[in-house]
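[1] Below: sequence and its predicted model.
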Amino acid sequence: MSMPQPPPGVPPPVDLGNGLLAETGAQLSTALVQTPAGQRMVLTVRTSSATLSVFLQGNDAKTWARQISGLAGQMSGAGLVVANGHPG
């Protein structure tokens, strides 16, 4: 997998020095939970080498959704895999 280099002074979107990063299957799960600070959406991404969970407030969840949806809309059909497992 080849990653384009960002402009000088801008960090890359992934850690290019991490040898564990490669194209692999990933699972995304979400759930609503009650916390002492109020309701949050838990978003978890699981891969073969890592698991990341974040607790998002409503506005943050909407911002993330807009960003993900916007980038997915810019992808070529060959790069986007939809939930039914067929290329988009």
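    Yes, it's here.
[2] show me where pLDDT drops low in the protein?
    When the per-residue scores of the chain are filtered using pLDDT under 70, the ranges that remain are 1-7, 21-22, 78-88.
[3] now the strands for the chain?
    Per DSSP state E, the chain has strands spanning 27-35, 38-46, 51-56. These are given in chain order.
[4] Of the ones you listed, flag the one that's most buried.
    Across the strands of the chain, the average number of neighbours (mean count of other CB atoms under 10 Å) peaks for strand 38-46, which reaches a mean of 14. Every C-beta, even on glycine, is put in place using the N, C-alpha and C of the backbone.
[5] who does it pair up with?
    Note on strand 38-46: by DSSP bridges, its sheet partners are strand 27-35 (antiparallel), strand 51-56 (antiparallel).
[6] ok now do G58, which residues does it touch?
    Contact partners of G58, counting by CB atoms under 8 Å, 6 or more residues apart in numbering, are Q39, M41.
[7] okay if I get the strands of the chain as a markdown table plus distance to G17?
    Conversion of the strands of the chain to a markdown table gives the following (distance: least, CB to CB, whole Å):
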| stretch | distance to G17 |
| --- | --- |
| strand 27-35 | 25 |
| strand 38-46 | 20 |
| strand 51-56 | 18 |
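[8] which stretch among these comes nearest L16?
    The stretch from the strands of the chain with the least distance to L16 (CB to CB) is strand 51-56; that distance is 17.9 Å.
[9] M41 reaches Q34, doesn't it?
    No - using CB atoms under 8 Å as the test, M41 is too far from Q34 to be in contact (11.5 Å).
[10] before we move on, back to that, do you know which of the strands of the chain lies nearest V10?
    V10 lies closest to strand 51-56 among the strands of the chain, at 21.7 Å (CB to CB).
[11] can I get the CA coordinates of that closest one in CSV?
    Listed next in CSV are the C-alpha coordinates belonging to strand 51-56 (Å, rounded to 0.1, in the frame of the first residue of the first chain):
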residue,chain,number,x,y,z
THR,A,51,-8.5,-2.0,18.9
LEU,A,52,-9.5,1.6,19.3
SER,A,53,-12.6,2.9,21.1
VAL,A,54,-13.7,6.5,21.5
PHE,A,55,-16.6,8.0,23.4
LEU,A,56,-18.2,10.8,21.4
